[in-house]
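Colleague: kindly generate the corresponding structure for this input.
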Amino acid sequence: MELFGMPIVQVYMVGLIVAGLATLLYILFSDMAEGIGDASPFLDPAVILAFITFVAAGGYILELVTTWGSGIILVIALVTAFVLDLLLYLFVLLPLKSAEVSLAYTDESLMGRVGKVIVPVPVDGFGEIVIESVNGMISKRAVGYENTAIEYGKEVLIIEVRDGTFIVKEYEPFRFK
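Modeller: Below you'll find the predicted structure:
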């Protein structure tokens, strides 16, 4: 069978090459086309390009390997590409889209966490604590809960945050006896 004056095998190969190059360009410049796929998941360029690639690859392989008619091969390639594209979207693209993690934090999000005193907290004064997080080490100004003094190196529990100052209490982990 011929399409566009070329044998159908050649059409599949050209489609595969063009879709592959378009996918490569999309990977490099996808930030410029960031909001395109928000209207519908089927309008996402990654989904469309994957579908075209699957159809072209499946059609090309089936044309070379089998003696089936070109119409049957096209239908099989379309159905197979739809199933593979659906699996790609559901198990790869959708989880990646929802896995975006921000490294930002708020002071309130640190309440209840355990930190370590790096500058002793005096009575009626300020000290400094450090909290380990995904971002690295976060150091913050701290005062003792109920104006208690806390020594250097002690673990503290963040009770409250007021005006950027952390109110902390010496941490006593629960231990089984």
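
Colleague: quick one: the strands in this protein, in order.
Modeller: Along the chain, counting by DSSP state E, strands occupy 2-3, 6-7, 114-119, 127-133, 136-144, 155-162, 165-170.

Colleague: and for the closest residue to Val161 other than its chain neighbours, the neighbour number?
Modeller: Residue nearest to Val161 in three dimensions, not counting chain neighbours: Asp107, with 4.4 Å by C-beta to C-beta, 6 or more residues apart in numbering. Quick note: C-beta positions are derived from backbone N, CA and C, even for glycine. Asp107 sits with 15 neighbouring residues when counted by other C-beta atoms under 10 Å.

Colleague: start at 14, not 1
Modeller: Understood, numbering begins at 14; the last thing we discussed is Asp120.

Colleague: okay, helices next: where are they in this structure?
Modeller: 21-42, 58-78, 83-101, 107-111 (DSSP state H).

Colleague: ok, of those helices, where does mean pLDDT dip lowest?
Modeller: Among the helices of the chain, helix 107-111 has the lowest mean pLDDT, at a mean of 79.

Colleague: what distance separates that helix from the centre of its chain?
Modeller: Chain-centre distance of helix 107-111: 6 Å, with C-alpha atoms, centre = their mean, to the nearest Å.

Colleague: go on, stretch 84-104?
Modeller: On C-alpha atoms, centre = their mean, the centre of stretch 84-104 falls 25 Å from that of its chain.

Colleague: and it, what's buried?
Modeller: 86-87, 90, 93-94, 97-98, 101-102 (16 or more other C-beta atoms under 10 Å).

Colleague: please name whichever of the strands of the chain is nearest to Ala69.
Modeller: strand 15-16 (12.4 Å; C-beta to C-beta).

Colleague: so which elements touch that closest one?
Modeller: Applying 3 or more C-beta pairs under 8 Å, 6 or more residues apart in numbering; DSSP states H and E, we find strand 15-16 packed against no helix or strand.

Colleague: partners of that strand, with directions?
Modeller: Strand 15-16 pairs in its sheet with strand 19-20 (antiparallel), by DSSP bridges.

Colleague: what mean pLDDT does the partner strand have?
Modeller: pLDDT averaged over strand 19-20 gives 88.

Colleague: what does that strand contact?
Modeller: With contact meaning C-beta atoms under 8 Å, 6 or more residues apart in numbering, strand 19-20 is reached by 14, 27.

Colleague: what separates that strand from the chain centre, distance-wise?
Modeller: That offset, for strand 19-20, works out to 42 Å (C-alpha atoms, centre = their mean).

Colleague: list the buried ones in stretch 17-31?
Modeller: 21, 24-26, 28-29.

Colleague: could I get these as JSON lines with distance to Glu185?
Modeller: JSON lines is the format used below for the buried residues of stretch 17-31 (distance: C-beta to C-beta, whole Å):
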{"residue": "Ile21", "distance to Glu185": "75"}
{"residue": "Val24", "distance to Glu185": "73"}
{"residue": "Tyr25", "distance to Glu185": "70"}
{"residue": "Met26", "distance to Glu185": "70"}
{"residue": "Gly28", "distance to Glu185": "67"}
{"residue": "Leu29", "distance to Glu185": "65"}
